[in-house]
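Visitor: Here is a sequence together with a model predicted from it:
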Amino acid sequence: MFRPRLPDVPTLPTAPVVPQQTQAPVPTVSGRSLTPYAGAVAAVVVGVVLTALLAAVAVTAISVAIAAVVLRSLVNGANRR
C-alpha cells in the first residue's frame, strides 16, 4: 500500500537511429589549408598581449612616480613649518 510504484520503462528501438550530418568543407585560401597561418595569428595575439602588459606597467610606473613626488613635497613642506 505504501510502496512507491515506478513508471514503466519504455523499450528502446533495436535499430540505432543515426541522423544524417553534412559536413561543411574546410575554408581554404586558393586551395591551401589555413594551418600555416595559425602560427602567425598566435604570434600576433601574443605580441598584442605583451604590448598591452608593457603599457600597463609603464602607466603604473608613471603614476607611482607622480605619487612619490607629491608625497615628498608634502613631507618637505610639513618639515619646513
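Guide: Yep, that arrived. Residues are numbered from 1 along each chain as shown.

Visitor: Now residue 77: which helix or strand?
Guide: Taking DSSP states H and E as the criterion, the element that holds residue 77 is helix 36-80.

Visitor: so where's the chain shaky on pLDDT?
Guide: Counting by pLDDT under 70, the ranges of the chain that qualify are 1, 12-13, 15-19, 25-34, 79-81.

Visitor: Let's see that with 50 instead.
Guide: Applying pLDDT under 50 to the chain flags no residue at all.

Visitor: What's the separation between residue 57 and residue 45?
Guide: Per Cβ to Cβ, to the nearest Å, residue 57 is found 19 Å from residue 45. For glycine as for every other residue, the C-beta is placed from the backbone atoms N, C-alpha and C.

Visitor: before we move on, what about residue 14?
Guide: According to Cβ to Cβ, residue 14 and residue 45 sit 51 Å apart.

Visitor: who's more crowded, these two?
Guide: The neighbour comparison of residue 14 against residue 45 (other Cβ atoms under 10 Å) goes to residue 45, with 10 against 5.

Visitor: got the contact list for that one?
Guide: Contacts for residue 45 were tallied using Cβ atoms under 8 Å, 6 or more residues apart in numbering; there are none.

Visitor: Could you number the chain from 24 rather than 1 from now on?
Guide: Sure, I'll start numbering at 24, so the last one becomes residue 68.

Visitor: Quick check: the gap between residue 43 and residue 37.
Guide: Relative to residue 37, and taking Cβ to Cβ, residue 43 is found at 20 Å.

Visitor: And residue 86, by the same measure?
Guide: 72 Å.

Visitor: same thing with residue 87?
Guide: Look at residue 87 and residue 37: by Cβ to Cβ, they are 73 Å apart.

Visitor: same thing with residue 70?
Guide: Going from residue 70 to residue 37 by Cβ to Cβ gives 58 Å.

Visitor: Residue 73 too?
Guide: From residue 73 to residue 37 the distance is 59 Å (Cβ to Cβ).

Visitor: what's the answer for residue 78, then?
Guide: 64 Å.

Visitor: again, but for residue 58
Guide: 43 Å.

Visitor: repeat for residue 69
Guide: For residue 69, the distance to residue 37 - Cβ to Cβ - is 54 Å.

Visitor: Cool, thanks, signing off.
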